[in-house]
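The following block contains a protein sequence and its predicted model.
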2 protein chains.
Amino acid sequence: MTTPYEYAEKNHDQFIAELIDFLKIESVSTDKTRYDQVNQAADWLKDHCVNIGLENVEIMPTDGHPIVYADWLHAGDDKPTVLIYGHYDVQPADDPNDPSMLAEWVSPPFDPAIRDGHLYARGATDDKGQTFIHLKAFDSQMKATGTFPVNIKFMIEGEEEIGSPNLLPYLKENLDRLACDVVVVSDSDVLAPDKPSMTYALRGLVYTEIHVKGGDSDLHSGSFGGAVHNPVQALAEILAQLHDANGTITVPGFYDDVVPLTDEERELLAKIPKTEAEFMAEGKLSALWGEKEYTVLERVGARPTLEINGMIGGFTGDGQKTVIGKSAMAKVSCRLVANQDPDKIFDLLKRHITNITPDSITSEVKRLGAHADPVLVPIDNATVKVASEAYEAVFGTQPYFIRSGGSIPVVGFYQTMLNVPVLLMGFGLPDDNLHAPNEKFTLVMFERGVQTMLHFYNNIETAF
Amino acid sequence: MTTPYEYAEKNHDQFIAELIDFLKIESVSTDKTRYDQVNQAADWLKDHCVNIGLENVEIMPTDGHPIVYADWLHAGDDKPTVLIYGHYDVQPADDPNDPSMLAEWVSPPFDPAIRDGHLYARGATDDKGQTFIHLKAFDSQMKATGTFPVNIKFMIEGEEEIGSPNLLPYLKENLDRLACDVVVVSDSDVLAPDKPSMTYALRGLVYTEIHVKGGDSDLHSGSFGGAVHNPVQALAEILAQLHDANGTITVPGFYDDVVPLTDEERELLAKIPKTEAEFMAEGKLSALWGEKEYTVLERVGARPTLEINGMIGGFTGDGQKTVIGKSAMAKVSCRLVANQDPDKIFDLLKRHITNITPDSITSEVKRLGAHADPVLVPIDNATVKVASEAYEAVFGTQPYFIRSGGSIPVVGFYQTMLNVPVLLMGFGLPDDNLHAPNEKFTLVMFERGVQTMLHFYNNIETAF
């Protein structure tokens, strides 16, 4: 008789072939010209859920991209219910203003390729590949045993990469349908293939655009240069004032609600076996930067940021144009930590930009995307113990507990609205090139992911 | 018998119809996809020169766009020779990064339209229309009298809007062919239709790109934000340091060679009947800016500038992308005044950028375009008197003498290489929207331009 673990092992190649089909769909949620492909990815998921024996499979419309729901609820009322969250949308693979970005892909982003044990494609890890781990764990258990040890629900959305703007209303309307005992989210990474880890903190996010405007027209720099405040220069001057020389953010009140790191927590974070050199190698960095009173992992995991994600103004084509542009724009986002409130931070930033805008120009701060609260997950919960043992069974060593610098808005929503533990069980690696050219998923991590989740599903009952 | 003045008056509509044909050719010199159209404009000019009786008409190749040469040298050895300079290339009408710019044109930039006595098209004033004034003055004189009072040479280039990179070698190789007694350039404006003016100073230009680079890849702002110096932020920080709060440029040594304004010159400039409100209305400005110890006209005409013509970095498309871009770029140009040297200023700027670049990133300063010296033309030359009387005869009032903030590289070259007076006889108006959407030429200014030049050609002999 074949165990679920053996079934998963034997069918690894088939699983990857299926994942490759999924990755070929260009479900870039931020790209208005690819709405059809985003819907196509939802359709593909629906068909796959049906094929592996999930029930009540449904593509649920939202005001944006739809949510795919599926469940299997025949374990019995006395068994716990696990809710799996994932997303089928992906980041853009190119940048209309930087054609070189697409050229950096060794193989095309939507034509998945396997090289040296890695599967390269946009979305390979984030999050199609990690979502697929759970579908194949369910599939393996069902194929091998004909049943599943717990009740399970899947909720896979299509707007994570644009800030999940329609998820909160969906959650509010479907609280009964989504009721569960524990939520599992696989949209994060471990430290290394031999150093498993679980993430217990996430940063929140608030995303803005700053628009600066001078007069009503582009101007000839000969006719007006020297007597008018160039909006591009004014924007640079505003942006340059948002950090001090230490890298600390200068927006008044910005740090007021930050929960300070305790000495105990700093010791725990210091044990994480990642050197500054390793951190730099992961990001191909030539230098570090930031608040000197915090370690690099503290800066990324436990400190908020203010980041200029993009900036444009004036003439940026080939050659020279002696113009004074009439306006300029920057995309500025803040990663937040507990207990900062995105709404309050937006207000503080907006007020500060207004205050430091000189009379010679006008500025406007717009908010993009949705609310994403920072998260801290209690690490003494019984479900965390089962998850930790599942990692240990497959990886042969206990996981580290780390703080992630990223944001997953839904985790905050689940914490608040479903009032259950949310486990962040990631299987990516730090060098997976998320949001960058040559995103990949290491195949052995996919395999271990399926095995780890099988352990988890077969033991989670003990936590309740 | 018809006089040249009468001939020009009667044939005005025909002249404008011909100019419209010329303006339809999309001779955007900075646009590599429009090389054919730039050549087409040169061909059109060549044919037109032949048709109006100019001789030795030739399209002379350069390493870039060609130069159109033509002459008529039958006035006699005892008559002076006038060299006319103009350019047939134009600024871009759109901006690949700002689709709204093209949308601002009321009529398409290369489909000339007449509205309320103005001819709207890219290049209408700068410089196809003003170049055409001289061709039609020659044409009118020849048609009416069968001869021309002086020897005349035309040299019309196709790279003025990209800094005339190939003009200097051409001048060096053709000094004999271009030998003359006075040069006339019509690529500037007058104060108003009833306030003629002659420009006696031009600013020089040096154009650069500043490239800032962080690590080797775009980074996820969640995974790396807070521990790496964002190159877009670093560029903003560098750019913000290039002016002090007064608008004065902070590059060490930048002002060392600036010839200070004399009290007498400041008095002369103060007489120019242009209020700050008028200056603001021309540029559709909502505020003024710049060095408080100088008037607005002094800032534009007699003070050097450092202008950020464009800036780009990170993600600037629709929606949100939580990325830390790997690089950022700004186009920075300086308008220079006598006796600043563009080469020296480039070296000073490059050294300063290098000095203020933090260790956390790298920067590179590249030079674009060619050398453009600042210019001061002596206003006590006899040729200037003839030009001034020509304006007075047509406009009914003496011209003001002003400093232009713009740059015409060739004027500096002529001064240095041909060693003759260079007269800047402009017929544009300050609200002609040069380098911006809805460029226009006011038809009455074209008509007066032809008449003024006829007066000039018929009297310039007296200056020698």
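Looks like it arrived, so ask away.

State the mean pLDDT of stretch A:182-195.
Per-residue pLDDT values across stretch A:182-195 average out to 93.

Check which residues of it are buried.
By neighbour count on 16 or more other C-beta atoms under 10 Å in any protein chain shown, the buried set for stretch A:182-195 is A:182-192. Quick note: C-beta positions are derived from backbone N, CA and C, even for glycine.

Pick out whichever of these sits closest to chain B.
Using C-beta to the nearest C-beta, residue A:189 comes nearest to chain B of these, at 8.4 Å.

what's the pLDDT at the nearest residue to that closest one once chain neighbours are set aside?
Distances taken as C-beta to C-beta, 6 or more residues apart in numbering or on different chains place residue A:428 nearest to residue A:189, at 3.6 Å, with adjacent residues excluded. Residue A:428 carries a pLDDT value of 97.

Give me the phi and psi angles of residue A:428.
phi -80, psi 170 (degrees, to the nearest 10).

got the CA positions of the stretch of helix or strand residue A:43 belongs to in PDB?
Taking DSSP states H and E as the criterion, residue A:43 maps to helix A:35-51. What follows is helix A:35-51, C-alpha atoms only, in PDB (Å, rounded to 0.1, in the frame of the first residue of the first chain):
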ATOM      1  CA  TYR A  35      -7.400  40.900 -17.200                       C
ATOM      2  CA  ASP A  36      -8.300  37.900 -19.400                       C
ATOM      3  CA  GLN A  37      -5.200  36.000 -18.300                       C
ATOM      4  CA  VAL A  38      -5.900  36.700 -14.700                       C
ATOM      5  CA  ASN A  39      -9.400  35.200 -15.200                       C
ATOM      6  CA  GLN A  40      -7.800  32.300 -17.100                       C
ATOM      7  CA  ALA A  41      -5.600  31.500 -14.100                       C
ATOM      8  CA  ALA A  42      -8.700  31.400 -11.900                       C
ATOM      9  CA  ASP A  43     -10.400  29.000 -14.400                       C
ATOM     10  CA  TRP A  44      -7.300  26.800 -14.400                       C
ATOM     11  CA  LEU A  45      -7.400  26.600 -10.600                       C
ATOM     12  CA  LYS A  46     -11.100  25.800 -10.500                       C
ATOM     13  CA  ASP A  47     -10.600  22.900 -12.900                       C
ATOM     14  CA  HIS A  48      -7.700  21.600 -11.000                       C
ATOM     15  CA  CYS A  49      -9.500  21.800  -7.600                       C
ATOM     16  CA  VAL A  50     -12.400  19.800  -9.200                       C
ATOM     17  CA  ASN A  51     -10.000  17.200 -10.700                       C
END
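
Is that helix positioned near chain B?
No - counting by C-beta under 8 Å from any C-beta of the partner chain, chain B is not contacted by helix A:35-51; separation bottoms out at 12.8 Å.

partner strands of the helix or strand following that helix, parallel or antiparallel?
Where DSSP H and E defines the elements, the next helix or strand beyond helix A:35-51 is strand A:55-60. Counting by DSSP bridges, the strands paired with strand A:55-60 are strand A:67-72 (antiparallel).

Isn't residue A:6 up against residue A:141?
No - the criterion here is C-beta atoms under 8 Å, and residue A:6 misses it with residue A:141 at 11.5 Å.

give the contact list for residue A:353.
Residue A:353 makes contact with A:210, A:238, A:363, A:365, according to C-beta atoms under 8 Å, 6 or more residues apart in numbering or on different chains.

Surely residue A:449 touches residue A:130?
Yes - assessed by C-beta under 8 Å, residue A:449 is found in contact with residue A:130 at 6.9 Å.

which residues are in contact with both of those two?
With C-beta under 8 Å, 6+ apart, residue A:449 and residue A:130 have common neighbours A:186, A:427.

Local confidence estimate at residue A:306?
Turning to residue A:306, the model gives it a pLDDT of 98.

residues contacting it?
Going by C-beta under 8 Å, 6+ apart, the list of residues near residue A:306 reads A:242-243, A:249, A:251, A:254, A:332-334, A:349.

So which of those residues is the closest to chain B?
Closest to chain B, out of all of those and judged by C-beta to the nearest C-beta, is residue A:333, at 5.9 Å.

Give me the distance between the closest one and residue B:319.
Computed as C-beta to C-beta, to the nearest Å, the residue A:333 to residue B:319 distance reads 12 Å.

Which of the two has more residues huddled nearby?
residue A:333 (27 against 18; other C-beta atoms under 10 Å in any protein chain shown).

A strand includes that one, no?
Yes - assessed with DSSP: H, G, I helix; E, B strand; the rest coil, residue A:333 lies in a strand.

Quick check: closest non-adjacent residue to the closest residue to chain B within the stretch 301-450 of chain A.
With C-beta to the nearest C-beta as the measure, residue A:406 is the residue of the stretch 301-450 of chain A nearest to chain B, at 3.0 Å. In space, and not counting its chain neighbours, residue A:406 is closest to residue B:222: 3.0 Å by C-beta to C-beta, 6+ apart.

now the strands for the stretch 301-450 of chain A?
A:307-314, A:323-324, A:327-336, A:362-372, A:375-376, A:400-403, A:422-424, A:440-442 (DSSP state E, counting those that start in this stretch).

Serialize the ones you listed to CSV and add fields for distance to residue A:66.
Below are those laid out as CSV (distance: least, C-beta to C-beta, whole Å):
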stretch, distance to residue A:66
strand A:307-314, 27
strand A:323-324, 44
strand A:327-336, 26
strand A:362-372, 16
strand A:375-376, 25
strand A:400-403, 32
strand A:422-424, 23
strand A:440-442, 24
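
looking at the ones you listed, which has the lowest confidence?
strand A:375-376 (a mean of 83).

what's next to that one, contact-wise?
A:200-202, A:204, A:259, A:338, A:408, A:411-412, A:415, A:422.

The same query, at a cut-off of 6 Å, please.
A:201-202, A:338, A:411-412 (C-beta atoms under 6 Å, 6 or more residues apart in numbering or on different chains).

Could you list the contact residues of the stretch 1-150 of chain A toward chain B?
Contact residues, the stretch 1-150 of chain A versus chain B (C-beta under 6 Å from any C-beta of the partner chain): A:30, A:96-97.

Out of these, which end up buried?
Buried among the residues of the stretch 1-150 of chain A next to chain B by 16+ other C-beta under 10 Å: A:30, A:97.

on that earlier part again, and residue A:6 and residue A:141? which has more neighbours close in?
residue A:141 (26 against 12).

so where's the stretch 1-150 of chain A uncertain?
Scanning the stretch 1-150 of chain A for pLDDT under 70 picks out nothing.

In it, what residue spans correspond to helices?
A:4-10, A:12-23, A:35-51, A:99-103, A:128-145 (DSSP state H, counting those that start in this stretch).

quick one, which of these is packed in tightest?
For those, average neighbour numbers computed from mean count of other C-beta atoms under 10 Å in any protein chain shown are highest in helix A:128-145, which has a mean of 24.

Many thanks, have a good one.
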